Structures are given as C-alpha cells and as structure tokens.
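Participant: one predicted model, sequence on top.
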Amino acid sequence: MKIWQIDPANITPYYDIALCHALASENQQVRFISSRFLYDKTLVYPDTFTTDFRYFRLLEDERLLHFPRLRKGMRALTYPITHRGLLRDIKHHKPDIVHFQWSRLPIFDRWLIAQIRALGIPVVHTIHDVDPLFGQGYFTGELKDVYEQVDALVVHTKDSQDQFLSTYQSIPPSKVHIIPILTMDDPNMPADASLKSAREKLKIHPNAFVSMFFGGIKYYKGIDILANAIPLVHEKNPEVQFWIVGRPDMDQLDLLNQLRKKENVVIVADYVPSELAWQYFLSADIHVFPYRHIFQSGALISTLGYGCAVIVTDVGGLPELVDGNGWVVPPEDPQALAEAICNAAEDRDQLKRMGQRSREIVITRTSPAHVASEYIKLYESLVTR
C-alpha cells in the first residue's frame, strides 16, 4: 500500500519516524509529510521511507524561534496554501491511505480531509490527546468537525478510548481503534551501553541513587509536585540525586531556578539531542512521571524500552502501560511520590527486575513489527470495504 503520514508541524517527530520506519519495514510505501524539526539537529530520518518537508519552509531559520508570535502568524498564512499543493499531489500520486497524526488548524484540515475522501481515499486520524493541546475557536475551527469526517480514529489506550467516546458522543465506537504507541531501539546507543558508561558520560558517581525526570518540562507534567516531594525524600535519604532534564516552558523557569539552589538536584533545562538521550535514560535508577493529567506518554514508552524502572501517577493510560510493573501513585500527592521514591531506593535488585520486565512489556506489546501489523490491518479494512 501507498501510505501517506501527515504531521504538518512535526509535533511528534520521534514517534512519526518510528511509525513510518516500522510500516516501511513491512514492505509498505510510506511518505512522511511534515516540516523540519528545528530543536534536534542530530535527528535522523531513515531512507526506508520518503520524507517531504513541504510545510513552513519559510520558517526554517532558527532565529525565528525567538519570535513565536511572528512564527505563529506566518504558519497560519502558509498552512492552507501548502494544503492545496498537497491535495494536487494526492490527486496525482493516489495514495491508498492518508493518515493524519495531528490536526493543528481544524478549519483548514477539515477542508483537506473532505477533498481527500471525495477522491475515494480513506483518511485515518490519531488522537494523541483527547483534551486538545491547542486552543480551539472561531479562527482555528473545532477538532470535532475533523473527527466526524475521517474514516477511522486511533487512540493508544483503553482509557483514551473511553475518555474520547465520552467527550465526543457523536462518534460511533466502531470508528475508534486502539493501537498502542510503538517504541524503537535507539540507533545512537552504543552496543555496550550500560548504567556505568552512561554515568561516566554524565559524571555521576557510580554508587549514587538517581531519580530522573526526562522530557518537556510543562505544568501538566507536575514538576512542582516533584519539587515538593524532594525535601520529603531527603529527610529520609539525603543522598538521593534528582535530575530534571528537558526543554522547559516559560512558566516553569522560576521553579527550575529555585530547584537549582537545592542540594543533590541537577537541572538540565534544554532540549537533549537524540544522540545523547541514552545517557540520561540508562544513568538513572528510577524514572518518575509525576503528571497531573495525560492520556498517554511517548516518554514513558521510551523509558520502558530502555529497560528502566518507573514511578507513574494514576492518570490516563499510564497504569495501563506500566501493567503492574512499577509504582502507581495518586496525582498531585507529593507525600505518596516521595514514599515511592524512598521505597525504590531501598531495593536496587528489585529495580533491575522491574527494568527487565519493562523491556519485555515493550517487546511484547509495542514493538515496531506488532504495531505496524495492527495499522496495516486497519488500513486494509478501510481500503477494501
């Protein structure tokens, strides 16, 4: 099949690449249509599929990142123009399936989807977040209009499916399919990578106990909750090191500056290039996900894929992903989070067993081959109906 994957703003580049590569590895002809991702210069796009960076070409100058309002306005202007060019190519090349990963401006996306379906081409849309990350209104359009138009919708967990059907009651349940997030082995990780080698790279003492938060630093991810848990942990075990690593939103900067002043707290407030990510994953004893709310987490899947032990909050599909292998604590509860971290620090052998089980979960349920086969089944059912 000819499968066109579309993520105009390249919101989830690592996931998109992994999915396109997985489908291509199953002998599908895949084209990834997006824009250049400016935050990771080391990001590699495999040659197993075609990449087409047609969106926002005028915005590839990194200096424009310092002018977000200007970029936003220019994106809105060029978005529908690029849609028209894409539609011409769809008419010419006639893909079997068009799959949208994100709808950034529904007012324009619903038009494009209607045109594609009028050509007899099925359209799939993935729901990464049931509660939209972006504002909706008169000028952007409503995601509901997009969801009602497409032939099939994909969510990643049963919890997301339940929440979605409750929120969008006009959507028939038969249209909403559960396919897990896939993970992919890190091509940048050395074959002999280990906790020891990762700690040597980051200059972490080999005997330290390290609690790691890794990922975009945003309010809903609960860094302030972790901040309140840190002194509770240090009352019992002052030697625990806390690493908070990721690119922060502006509203998180004051909190990070306060945390920098604390003992045994390390802040890396920057985007970590993909070639260095393995060092942070493997160097930690436990990874924490103190989220207030979320429906699914690519960061959690990646962490499990590296064979790491985890602590998650009881929100969205996180407990479903962990499947009993790790600590699940109530959201917005620093005391419970602190107790879980202290419990983890008491038994490193248990953490090793959990890490092995994490890897098994990923291989069994979210391997590229398994997830690709699920998508191919869905695509084939739409093409042949």
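Facilitator: All right, it came through fine.

Participant: now the helices for the stretch 251-385 of the chain?
Facilitator: 253-260, 277-283, 298-305, 318-322, 334-345, 348-365, 368-383 (DSSP state H, counting those that start in this stretch).

Participant: what about residue 383, neighbour count?
Facilitator: 14 (other CB atoms under 10 Å). Heads up, the C-betas are built off the backbone N, CA and C, glycines and all.

Participant: how about it, nearest residue that isn't a chain neighbour?
Facilitator: residue 96 (5.3 Å; CB to CB, 6 or more residues apart in numbering).

Participant: possible to save the helices of the stretch 251-385 of the chain as a markdown table with mean pLDDT?
Facilitator: Below are those laid out as a markdown table (pLDDT from 0 to 100):
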| stretch | mean pLDDT |
| --- | --- |
| helix 253-260 | 96 |
| helix 277-283 | 97 |
| helix 298-305 | 90 |
| helix 318-322 | 91 |
| helix 334-345 | 98 |
| helix 348-365 | 91 |
| helix 368-383 | 96 |
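
Participant: among those, which comes closest to residue 85?
Facilitator: helix 368-383 (24.2 Å; CB to CB).

Participant: report the inter-axis angle for that closest one versus helix 348-365.
Facilitator: 30 degrees (axes from the mean of the first three to the mean of the last three CA atoms, to 10 degrees).

Participant: only the buried residues of helix 368-383, if you could.
Facilitator: 368, 370-372, 374-376, 378-379, 382 (16 or more other CB atoms under 10 Å).

Participant: is it true that residue 295 touches residue 132?
Facilitator: No: Residue 295 lies out of contact with residue 132 (CB atoms under 8 Å); the separation is 11.0 Å.

Participant: ok, the two, which is more surrounded?
Facilitator: residue 295 (21 against 15).

Participant: can you check the pLDDT for that one?
Facilitator: For residue 295, the model assigns a pLDDT of 82.

Participant: swap in residue 134?
Facilitator: Confidence score, pLDDT, at residue 134: 65.

Participant: just grab the bridge partners of the closest residue to residue 117 other than its chain neighbours for me.
Facilitator: Sequence neighbours aside, residue 123 is the residue nearest to residue 117 in space, at 5.8 Å (criterion: CB to CB, 6+ apart). Counting by DSSP bridges, residue 123 forms beta bridges with residue 98.

Participant: tell me the buried residues in the longest helix along the chain?
Facilitator: Longest helix in the chain, counting residues (DSSP state H): helix 68-93. Buried residues in helix 68-93, defined by neighbour count with 16+ other CB under 10 Å: 71, 75, 78-79, 82-83, 86, 90.

Participant: which residue in the residues you listed has the weakest pLDDT?
Facilitator: residue 71 (70).

Participant: the closest residue to residue 236 other than its chain neighbours and residue 281: what is the separation?
Facilitator: Spatial nearest neighbour of residue 236, excluding adjacent residues (CB to CB, 6+ apart): residue 342 at 5.2 Å. Plainly put, residue 342 is 22 Å away from residue 281 if you go by CB to CB, to the nearest Å.
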